[in-house]
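> model this:
(one chain, ligands or ions: 1)
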Amino acid sequence: MTARQQVDTLLDLIKTSAYQALDEYEKYGGAVPSLDSLAAHPLDGFMDFRTMQLKKFVRKLEGACDQLCTTLAPPLHTLSNRAHDTYWAALRTASKLEIADIIASSEKGRLHTAELSHRIQANENKIASIMRLLATRHCFKEVSKNVFANNRLSIRLASKSPISAWIDILTKDPINGGLHLYDSLQDPEYALSTDAEKSPCMYARRSERQTGSVYNMISSDATYNETLGRAMIALSTIQSSLTILQVYPWERYKTVCDVGSGVGFFCWNLLSSFPSITVTLHDLPETTTLAEKIWGTDYPDHVADKRVKFAPGNFLELVPVEGQDLYYIKNVIHNWPDADVISILKSVSKAMSPKSRVVIQDYVMQHLYREPGKEDDQGFQMDAEEPLLPNYGAGQVRLYSQNMTMMLVFNAKERTFDEVNYLCSQAGLLLLKVWDVGEQSALEYVKKDHW
Ligand SMILES: C[S@@+](CC[C@H](N)C(=O)[O-])C[C@H]1O[C@@H](n2cnc3c(N)ncnc32)[C@H](O)[C@@H]1O
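So this is what the prediction gives:
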């Protein structure tokens, strides 16, 4: 395809997928809100299959728009834009300063930067620079000279929402590790290591005499742990991860252990959808203690009815809940280097009965080359049409960013299907089925000896 033909095709893809996305909004509660609107659309909050189709259209749209601009802009322009992206700093600061809340609670719902700087007790030019960068990509709106109002994006930052916690997590240790990635690769002690204690992030902190890994930092810091718990709720929305409640046959099971459960957001939803299931939350003691407190306040009936149990421990050594029908592991193995993943999976395997199943829900990475006619056995096809990259390029960039984040923070990674399957086989697990749950996949295993 010539560049002109590619541009023509990309424009067609953009038009088609944009209209398809509009239709999805209209299917679920009215027209898509404009960027000026503060009202949420039902699709914004769904975490399940209802957003799956929308996100497939948006994936194509984002991939095509980015590829079109990259094709037509001068290369140095694009490279400079990518190196010069300080958006994360503005977003982190506005979120932590709770600027969306300050504006929302003002009399007219809009504030001059002079008033904002007075309330925040910071220089007005600095506040104005932050607000203008954010508004330039549609988060907040400059409604008159130096006066800013909330809009469709910024209002989501208000009221200590889970997305603020996720922004906090993403823009701290990963950024710090990223700044030191090159240097860490020059240091032989770190460059070849896959140990979590030798991640780029820990390299960045070595002068602070910070020992251990980021896991130790999280478990010894109650605020970090609490922020991570809230951030995981945002991530579940972003990944539409509750799609698995509609896709997977949960009605087959009575007992489920959520391994690395966090405070149990997934299990709240599982119990509501499947009244005959009881769950056990397995996590580090500090997290299960927090979980017990939250469930005691928010879901006392489930606690009283013994539909939820809490099993503190360390899954690297033991999963202290034996013989459950199902062990569910979501967004956990990507936090760990290969050797530790094998330890976790062996702990799960030891706890399993011959009839138990394991479901691992995570991103599954794809390569970017195209091999005509090739589709692997499990249906992980590279299905984006040309001239899009086979993995949709920028349309799926979140997977590749998350992969970098896992490397920077934990020396870990998101894995391809073959990589996960290999680690599972090392722990004596045999693949039964792959479930498509949208942005992520769910891989179902059974103990090898018992199949
Ligand atoms: C990224 S979070 C995922 C939480 C949840 N599964 C979800 O998808 O929202 C990883 C979880 O693993 C837990 N974890 C980390 N190290 C652990 C260990 N050694 N033993 C048990 N749980 C651990 C963390 O406390 C955290 O709740």
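
> Get me the contact residues on this protein for the ligand.
215, 232, 236, 260-262, 265, 283-284, 287, 314-316, 330-332, 335 (C-beta under 6 Å from any ligand atom). Any C-beta I mention is one placed from the backbone N, CA and C, and that applies to glycine too.

> Which members of those residues occur in strands, if any?
Counting by DSSP state E, the residues of the chain next to the ligand place Asp283, Lys330 in strands.

> So which of the residues of the chain next to the ligand belong to helices?
Counting by DSSP state H, the part of those found in helices is Tyr215, Met232, Ser236, Phe265, Thr287.

> Drop anything exposed from the residues of the chain next to the ligand.
215, 232, 236, 260-262, 265, 283-284, 287, 315, 330-332, 335 (16 or more other C-beta atoms under 10 Å).

> Closest one of those to Lys413?
Set against Lys413, the nearest of these by C-beta to C-beta is Asn335 (9.7 Å).

> residues touching that closest one, list them.
Asn335 sits next to Tyr215, Met406, Phe410, Ala412 when contact means C-beta atoms under 8 Å, 6 or more residues apart in numbering.

> mind putting these in a markdown table, secondary structure included?
Shown next, in a markdown table, are the contacts of Asn335 (DSSP: H, G, I helix; E, B strand; the rest coil):
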| residue | secondary structure |
| --- | --- |
| Tyr215 | helix |
| Met406 | helix |
| Phe410 | helix |
| Ala412 | coil |
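
> Among these, pick out the one closest to Ser347, please.
When the contacts of Asn335 are ranked by distance to Ser347 (C-beta to C-beta), Tyr215 comes first, at 15.8 Å.

> Report the contact partners of that closest one.
Ala196, Asn335, Phe410.

> mind putting these in TSV, pLDDT included?
As requested, the contacts of Tyr215 are exported to TSV (pLDDT from 0 to 100):
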residue	pLDDT
Ala196	94
Asn335	94
Phe410	96
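
> Once you drop chain neighbours, what's closest to the residue in the stretch 1-150 of the chain positioned nearest to the ligand?
Residue nearest to the ligand within the stretch 1-150 of the chain (C-beta to the nearest ligand atom): Met47, separated by 11.3 Å. Nearest non-adjacent residue to Met47, counting by C-beta to C-beta, 6 or more residues apart in numbering: Leu242, 4.1 Å away.

> so where's the protein uncertain?
373-382, 450-451 (pLDDT under 70).

> Out of the contacts of Tyr215, the closest to the ligand would be?
Using C-beta to the nearest ligand atom, Asn335 is the member of the contacts of Tyr215 that sits closest to the ligand, with 5.6 Å.

> now Ala191: how far from Ala234?
33 Å (C-beta to C-beta, to the nearest Å).

> Look at those two and report which has more neighbours.
Between Ala191 and Ala234, counted using other C-beta atoms under 10 Å, Ala234 has the larger neighbour count: 19 against 12.

> who are the neighbours in contact with the one residue in the stretch 51-200 of the chain that gets nearest to the ligand?
Nearest to the ligand, among the residues of the stretch 51-200 of the chain, is Ile169, at 9.6 Å (C-beta to the nearest ligand atom). By C-beta under 8 Å, 6+ apart, Ile169 lies in contact with Thr227, Leu228, Ala231.

> And the residue nearest to Met47, how far from the ligand?
Separation of Leu242 from the ligand (C-beta to the nearest ligand atom, to the nearest Å): 11 Å.

> quick one: contacts for the nearest residue to Val143 once chain neighbours are set aside?
In space, Val143 comes closest to Ala149 once its chain neighbours are excluded; the distance is 4.9 Å by C-beta to C-beta, 6+ apart. By C-beta under 8 Å, 6+ apart, the contact set of Ala149 is Ile103, Gly109, Arg110, Phe140, Lys141, Val143.
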